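Trainee: sharing a model that was predicted from the sequence below.
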Amino acid sequence: YKGVPGFNICSINNEAIWVGDTSRFTIFDTNTLDFKDVTVDTTATPLALTLCGNNIWAAYSDRKIRVVDINSYEIIKEITTDHNARLTSIKHIDNYIWSMADNGTIFIYNSETFEVHCELETVHETKVFGCYDFGDQIWTYSWDGNIHIWNKDFEHVHALSNLHEDAVGDIVAFPFKHPYSDKKCWKVIVCSWDKAITLWLS
């Protein structure tokens, strides 16, 4: 589909796809592939999207988070963040929203009250590209190639430093059965802009 600029994309329960653009969303029906444009009352650009219940949480270029109802298409909440930097990523994990920024800060929002639950210890020294959750841990990754591991109580538990010579681009994980233990284990695959992939057992 030409003429549909998209800065990010979000799946709505496999029924629809939202594509974010300045002042609008383009929404595709996954069955018919029909689409419609929905205007949003802002001139800012959404930089990242995440689905939480019936709402899209969108991190915008003006350092604000806007929560959009997926049925009415209305902005139900506008949050001025305390990052003091451009937002880079946003992710729904359990009952919380993880908000990340260029300056390495990470804020956790309560998805029901829209209030800040906590600010994580600033361990990233550069832009945080995103996070990935699996099991009882969350891995955050950044521009400098470092990864930091958190538990579900938002405590910093480990750092994987100097692994890559460039930014970590993405992380995926999947469970596997350890041949010598009944403990649930995970294989974690990390890709980087340095054209290297690392495999971790967690």
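Mentor: Looks like it came in fine. Numbering: from 1, shown residues only.
Trainee: gap between the helix or strand containing Cys191 and the chain center?
Mentor: Element membership of Cys191, judged by DSSP states H and E, is strand 184-192. Taking CA atoms, centre = their mean, to the nearest Å, one finds strand 184-192 lying 18 Å from the centre of the chain it belongs to.
Trainee: how far is the following helix or strand past it from where the chain is centred?
Mentor: Scanning forward in sequence from strand 184-192, with DSSP H and E defining helices and strands, the next element found is strand 197-201. From the chain centre to the centre of strand 197-201 is a distance of 21 Å (CA atoms, centre = their mean).
Trainee: please compute how far stretch 40-60 lies from its chain's middle.
Mentor: Between the mean C-alpha location of stretch 40-60 and the chain-wide mean there is a distance of 11 Å, by CA atoms, centre = their mean.
Trainee: in that stretch, what's buried?
Mentor: For stretch 40-60, the buried set under the neighbour-count rule, 16 or more other CB atoms under 10 Å, comprises 40, 42, 44-50, 52, 55-60. Quick note: C-beta positions are derived from backbone N, CA and C, even for glycine.
Trainee: state the pLDDT value of the spatially most distant residue from the centre of the chain.
Mentor: Computed with CA atoms, centre = their mean, the residue of the chain farthest from its C-alpha average is Tyr180, at 34.5 Å. Turning to Tyr180, the model gives it a pLDDT of 76.
Trainee: could you do the one 3 residues further on as well?
Mentor: pLDDT, the model's per-residue confidence, is 79 for Lys183.
Trainee: residues near it, how many?
Mentor: Around Lys183 there are 7 other residues, counting by other CB atoms under 10 Å.
Trainee: next one: Asn162
Mentor: 9.
Trainee: which helices and strands does the lowest-mean-pLDDT helix or strand in the chain pack with?
Mentor: Taking mean pLDDT, DSSP states H and E as the measure, the chain has strand 8-12 as its least confident helix or strand, at a mean of 85. Contact analysis of strand 8-12 by 3 or more CB pairs under 8 Å, 6 or more residues apart in numbering; DSSP states H and E lists strand 16-21, strand 46-52 as its packing neighbours.
Trainee: so what touches it?
Mentor: Contacts to strand 8-12, defined as CB atoms under 8 Å, 6 or more residues apart in numbering, come from residues 17-20, 46-51, 56, 70.
Trainee: run through this structure and note the low-pLDDT ranges.
Mentor: 1-6 (pLDDT under 70).
Trainee: now do 80
Mentor: Counting by pLDDT under 80, the chain has low-confidence residues at 1-8, 178-183.
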